[in-house]
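S.K.: how would this look folded up:
(2 chains)
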Amino acid sequence: MVETGYGKKYRVIVVGAGHAGCEAALAAARMGCATLLLTMNLDAVAQMSCNPAIGGLAKGHLVREIDALGGEMARNIDETGIQFRILNTKKGPAVRASRAQADRQLYRLRMKRVLESERSLDLKQGTVNRLLVEGDRVQGVETREGLVFYGERVILTTGTFMRGLIHVGLNHYPGGRAGEPPSEGISEQLRSLGFRIGRLKTGTPARLDGETIDFTLLQPQYGDDPPNPFSFETRYISRTQAPCHITQTTLETHKIILKNLDRSPLYGGVIEGIGPRYCPSIEDKVIRFPDKESHQIFLEPDGLDSAEIYPSGISTSLPPDVQLAFLRTIPGLERVEIMRPGYAIEYDFVDPIQLTPDLQTKAILGLYHAGQINGTSGYEEAAAQGLLAGMNAALSLKDQEPLIIGRDEGYIGVMIDDLVNHGTEEPYRMFTSRAEYRLLLREDNADQRLTGIGRRAGLVSDTRWESYLSKIEALDRGERILEETRISPSDREHLARLGLGELKNGASLRELLRRPEIGIADLLFLCKEIAEFSTEVRRQLEIGVKYEGYIRRQMEQVDSFRRMEKVSIPPSFDFDDVRGLSAEVREKLKKVRPLTLGQATRISGVTPAATGILAVVLKRG
Amino acid sequence: MRVSGSRAEEVLGRIFRTRRAQWPLDSHHLYHGQIIDVDGNTVDDVLATVMRGPRSYTGETVAEIHCHGGPIVIRRILDLFTDFDIRIARPGEFTLRAFLNGKLDLAQSEAVVDLIRSRSEDARHMALDQMEGKLSRLLRKFRSSLVEILAEVEAWIDFPEDDLEEPDRDRLVIALKTLEGDMVRLLATFDSGRVLREGASVLILGRPNVGKSSIMNLLLGEARAIVTEIPGTTRDLIEENYILDGIPLRLIDCAGVRETEDPVEMAGVSRAREKMLSADLILMVIDGHEGITRDDEAVHEECRGLRFITVANKSDLPPAPLPSPFTAEPLRISARTGEGLEELKRKIGTTFRRGSLESPDTILLCNRRHREALGRAREGTKMAQSALFSGEPPEHAALGIREALQGLGEITGETTPQEVLEQIFSRFCIGK
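M.R.: A predicted model of the protein is given here:
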């Protein structure tokens, strides 16, 4: 093939414009790097291949963290969301999470526009089939047409496209997503470079024609009124809102599915990739939980100007005739028409244990992986990795320390730490239960955890930084006020208003707030200054007092965690030189190559005694 | 004994009494004083020092106690520390802390590595023994119950949209309470377990010249203690190891207890009195030939509430009548002829085989680290119960259960959050 140089030299090249690729490219460009974003299809930028929804438990947390660091996802969903809800409102603040339905088309168009308007960023259509590698360093990429783009850093965000294989019933054909071709070449090359490549599987349900659904029979589910935005910058949501509808499968549905299992690629042994257990197909659900008489389905609108409906909860790879037959046994769907059949897709991923915590590959310098290529699933997980990969690529070009978010600082940190230390064998999704310091990693304090980091990297605007600083200042002041403002025992009238009897020595506002029956809103009449604070500030103050005991408990755990994180292991460190390590521990350490003593302790099989030895040897240098 | 950390000085202040010095003690000075337990009893005469950080081995404030040797004294002082929430160091932890605080002497590190390695090798052997045994099976049972409950709680937290039924708080509280009960029972075996591991202390007590040292020698089968006709010969404590039917014992012979003016003898007597409280068993020796004196009565009075056996020595001579409360079947023995020795051994044996030691199937907790870790597991279980019971959000209960799992994991060497996810997916139908 004849190679043609493109002429222009880039500092960062991002391959793939899904949720990871968009964040990666924006971060690198906004941090001043000439960046190229290459996509196979300019009309599928930031495409939502699965649910038209963003957020949910732990995922909403990720979006808020992306926002605090200066990423785009939160603003994009705020602009294009058509239903916003806070989940888990009956539980504590740490596990409340935002979720929104998106208008699929508006979401991708808005993101495309943002990319287009970024000065240092070029958005181009092109299919990469080869990386340019010299020695152990990446130099750029080459497209199918033989066009060569030179770039010092390359970020691969290939999604489900690498050797993608779509299954519908027992038929299968190569594809990266319904209606789009797969990407060939890159995964073979990675394999020949020595990477361990694995195979995963995921699936989606059929897309339905809303005009053929009888919604009058179904229970609607509306969003919160008023809707709460994701971004700390968004003041209010102005777009028209739309409901989802809830229905469920019936015994008849299950009967049809069971009768046709021999036509499912999942049960016929055609699919080798490992699927996500938290996102099972309806076939899986019916087989594994035979006692459950029905499974819930959310009918999610695809957009304001679209009749397409996404029936969440019944992803399937059964043949289209079976899909139609079982769909029509579902209340409201008796006359439904399928617009796009559901399918399963298998794709290649690269075991993320081969990455350092900045998401750079250990084998090829300058090459970063983010999103599904790392074995994760979910838009939010992908976007978070994309953002970090983009930031780290830019930081390394400026000769600055990589950005590694701690497990105590954010879900992003938990996820990346899990990925690089344990790798993954099934699609990795974020859950709040993965975070040891869950009570500290709340959606409501994502800005306090991460805005400073985003600012230092140059991704947080002046206006946003100022409003953040004034919030912090208000919080400090508020804490002082709660401590210093007291209600005296003689103040019968106010005590009565709070529903309290006599207080022997009076009480500070803080002490009052500690009582379960008193909220900060009840104290506003006692103190004008608190009444003047924003709702967010008041809420932070309240959480700080109400959950003080638990928060302190977690802070103590964090303290001991941090001491171990502070001790770094130099990249040149030779584990073979350490006497006293067992062969097994030595192998594990060599495979992961931890950057800190703390990271070493989290590798499975590394004993406390081994950690002790390492600690001593490290000091000796 | 060495304590390192921010609370070292405070806790030393609570258990160490010294007459001469004013608190705070000068750093890096050695003070003479006593270790006092929570009831105000003297545990041991010691030397103590405080070395404020960063001028210490670990770089943190370090308190050191130099006590008399012997596992019993050490054990009691350790227990005092544990009561104040001071944790036993993990293998190599002092070195680790020294390192983390940038205090490690480079020249020493080589030696320290060897030390840590040898210790961890021991720990590994011990762990293996435990892992194969019943204890680990029981702990695994605790663990799987906790994981099961945690899975339910975590599913409740993480999947609000997957029409799962909200778990019944009362049911979870009961499950946790049952589990806590099991943990408490296991914790209670620590004393018996400890006897097996560290040995039970048997104090031979009585007024002077009733033949305490002779009885000790008879048991040991050798003349270790000095036996004379002069009362009050044994002025110091004499400790000997002795294995009786597989039960390790520490026999302690001490000065005869009586009213005395001799300051040297007084010191011996007071040492004997201190020992009484920490002894696992007292052999209260009387002279079956001479009969009971006021000193015997005083000793008997002091033994009240403690575990003791009355031993009437000199059965080879004509017996004297015994008044109350000595009438109740004393064990008659002759240290000179050996008569009654088997009976004495049998009686000591039954004392330590009673209760939890009775059945060979009984699971014993005998490792001090294990007790601490299990104690934390119990605390976490308790916290989870109260969070669920008082209607707090489930993530608080989860925090307690996780701490409990962490505690158990420190004993069994496994902590995997992945395990919880496995449980969730196998038990609940989740997903879109």
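
S.K.: My read is that A:R464 contacts A:T234, right?
M.R.: No - contact status for A:R464 versus A:T234: not in contact, 11.2 Å apart, counting by C-beta atoms under 8 Å. Where you see a C-beta, it was placed from the backbone N, CA and C, and this is true even at glycine.

S.K.: and the residue nearest to B:R87 when sequence neighbours are not counted, what is it in contact with?
M.R.: Nearest residue to B:R87, sequence neighbours excluded (C-beta to C-beta, 6 or more residues apart in numbering or on different chains): B:E372, at 6.2 Å. B:E372 makes contact with B:82, B:87-88, according to C-beta atoms under 8 Å, 6 or more residues apart in numbering or on different chains.

S.K.: residue boundaries of the strands in the stretch 251-400 of chain B?
M.R.: B:281-287, B:308-313, B:331-332 (DSSP state E, counting those that start in this stretch).

S.K.: out of these, which comes closest to chain A?
M.R.: Chain A sits nearest to strand B:281-287 of all those, at 37.2 Å, using C-beta to the nearest C-beta.

S.K.: That closest one pairs with which strands, and in what direction?
M.R.: strand B:200-205 (parallel), strand B:308-313 (parallel) (DSSP bridges).

S.K.: hmm, back to that, could the contacts of B:E372 go into CSV alongside neighbour count, pLDDT and secondary structure?
M.R.: CSV is the format used below for the contacts of B:E372 (neighbours: other C-beta atoms under 10 Å in any protein chain shown; pLDDT from 0 to 100; DSSP: H, G, I helix; E, B strand; the rest coil):
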residue, neighbour count, pLDDT, secondary structure
B:T82, 15, 86, helix
B:R87, 15, 85, coil
B:I88, 14, 82, coil
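
S.K.: Packed most tightly, which of the strands paired with strand B:281-287 would that be?
M.R.: With neighbours taken as mean count of other C-beta atoms under 10 Å in any protein chain shown, the strands paired with strand B:281-287 reach their highest mean count in strand B:200-205, at a mean of 25.

S.K.: following that strand, which helix or strand shows up next?
M.R.: From strand B:200-205 onward toward the C-terminus, using DSSP states H and E, the following helix or strand is helix B:212-220.

S.K.: For that following helix, which helices and strands make contact with it?
M.R.: strand B:200-205, strand B:238-244, strand B:247-253, strand B:281-287, strand B:308-313, helix B:341-353 (3 or more C-beta pairs under 8 Å, 6 or more residues apart in numbering or on different chains; DSSP states H and E).

S.K.: Tell me which residues of the second one come out buried.
M.R.: Applying a neighbour-count criterion of 16 or more other C-beta atoms under 10 Å in any protein chain shown, one finds B:238-240, B:242, B:244 buried in strand B:238-244.

S.K.: Give me the sheet partners of that strand and which way each runs.
M.R.: strand B:247-253 (antiparallel).

S.K.: as a whole number, average confidence for the strand it pairs with?
M.R.: Mean pLDDT, computed over strand B:247-253, is 80.

S.K.: That strand: which residues count as buried?
M.R.: So, applying 16+ other C-beta under 10 Å, buried residues of strand B:247-253: B:247, B:249-253.

S.K.: Next, count neighbours for A:I155.
M.R.: 35 (other C-beta atoms under 10 Å in any protein chain shown).

S.K.: Now do the contacts for it.
M.R.: A:12-15, A:21, A:24-25, A:28, A:367-370, A:386, A:389-390, A:393.

S.K.: which helices and strands sit right next to the lengthiest helix in chain A?
M.R.: In terms of residue count, the longest helix belonging to chain A (DSSP state H) is helix A:462-484. Identification of packing neighbours for helix A:462-484 by 3+ C-beta pairs under 8 Å, 6+ apart yields helix A:446-457, strand A:507-508, helix A:509-514, helix A:528-532, helix A:535-546.

S.K.: Without its sequence neighbours, what residue ends up closest to A:A446?
M.R.: Spatial nearest neighbour of A:A446, excluding adjacent residues (C-beta to C-beta, 6+ apart): A:R64 at 3.8 Å.

S.K.: Relative to A:R438, how far out is the closest residue to A:G60 other than its chain neighbours?
M.R.: Leaving aside its sequence neighbours, A:G60 sits nearest to A:A97 (C-beta to C-beta, 6+ apart; 3.6 Å). To A:R438, A:A97 is 12 Å away according to C-beta to C-beta, to the nearest Å.

S.K.: Pull up the overlap in contacts between these two.
M.R.: If you check A:A97 and A:R438 against C-beta under 8 Å, 6+ apart, the residues they both contact are A:T432.

S.K.: Let me see the ranges of the helices in the stretch 251-400 of chain B.
M.R.: Ranges of helices within the stretch 251-400 of chain B are B:263-278, B:294-303, B:341-353, B:368-389, B:394-412, based on DSSP state H, counting those that start in this stretch.

S.K.: hang on, I meant the stretch 251-400 of chain A
M.R.: Counting by DSSP H, counting those that start in this stretch, the helices of the stretch 251-400 of chain A are A:251-259, A:282-288, A:320-327, A:379-397.

S.K.: Identify whichever of the ones you listed lies nearest to chain B.
M.R.: Per C-beta to the nearest C-beta, nearest to chain B of these: helix A:282-288, 5.5 Å.

S.K.: which residues touch the closest one?
M.R.: A:205, A:249, A:253-254, A:257-258, A:261, A:264, A:266-267, A:275, A:280, A:292, A:295, A:313-318, A:326, B:429, B:431.

S.K.: Which residue is the nearest non-sequential neighbour of B:R19?
M.R.: B:G33 (7.0 Å).

S.K.: so who does that neighbour touch?
M.R.: B:16-19, B:45-48.

S.K.: Just checking: the least confident one among those residues is which?
M.R.: B:R19 (80).

S.K.: Distance-wise, check that one relative to chain A.
M.R.: Separation of B:R19 from chain A (C-beta to the nearest C-beta, to the nearest Å): 37 Å.

S.K.: Under a three-state scheme, what state does that residue occupy?
M.R.: With DSSP: H, G, I helix; E, B strand; the rest coil as the basis, B:R19 sits in coil.

S.K.: Tally up the residues packed near A:R429, please.
M.R.: So A:R429, with other C-beta under 10 Å, has 22 neighbours.

S.K.: you'd agree it is up against A:Y278?
M.R.: Yes - if you go by C-beta under 8 Å, A:R429 and A:Y278 touch, sitting 5.7 Å apart.

S.K.: Assess the claim that A:G21 and A:G371 are in contact.
M.R.: Yes - applying C-beta under 8 Å as the test, A:G21 and A:G371 come out as touching, 7.4 Å apart.

S.K.: And the residue of the stretch 301-432 of chain B closest to chain A?
M.R.: For the stretch 301-432 of chain B, C-beta to the nearest C-beta, closest residue to chain A: B:P393, 3.5 Å.

S.K.: Quick one: residues contacting that residue.
M.R.: A:90-92, A:95.

S.K.: Distance-wise, check it relative to A:K91.
M.R.: 4 Å.

S.K.: One more: A:L618?
M.R.: The value you get for A:L618 to A:K91, if C-beta to C-beta is used, is 42 Å.

S.K.: for A:T361, which residues make a bridge with it?
M.R.: Beta-bridge partners, per DSSP bridges, of A:T361: A:L355.

S.K.: that older thread, who touches both of A:G21 and A:G371?
M.R.: In contact with both A:G21 and A:G371: A:157, A:386, using C-beta under 8 Å, 6+ apart.

S.K.: Can you pull out the low-pLDDT segments for chain A?
M.R.: Confidence mapping of chain A against pLDDT under 70 gives the ranges A:1-4, A:579-580, A:607-609, A:612, A:616, A:619-621.
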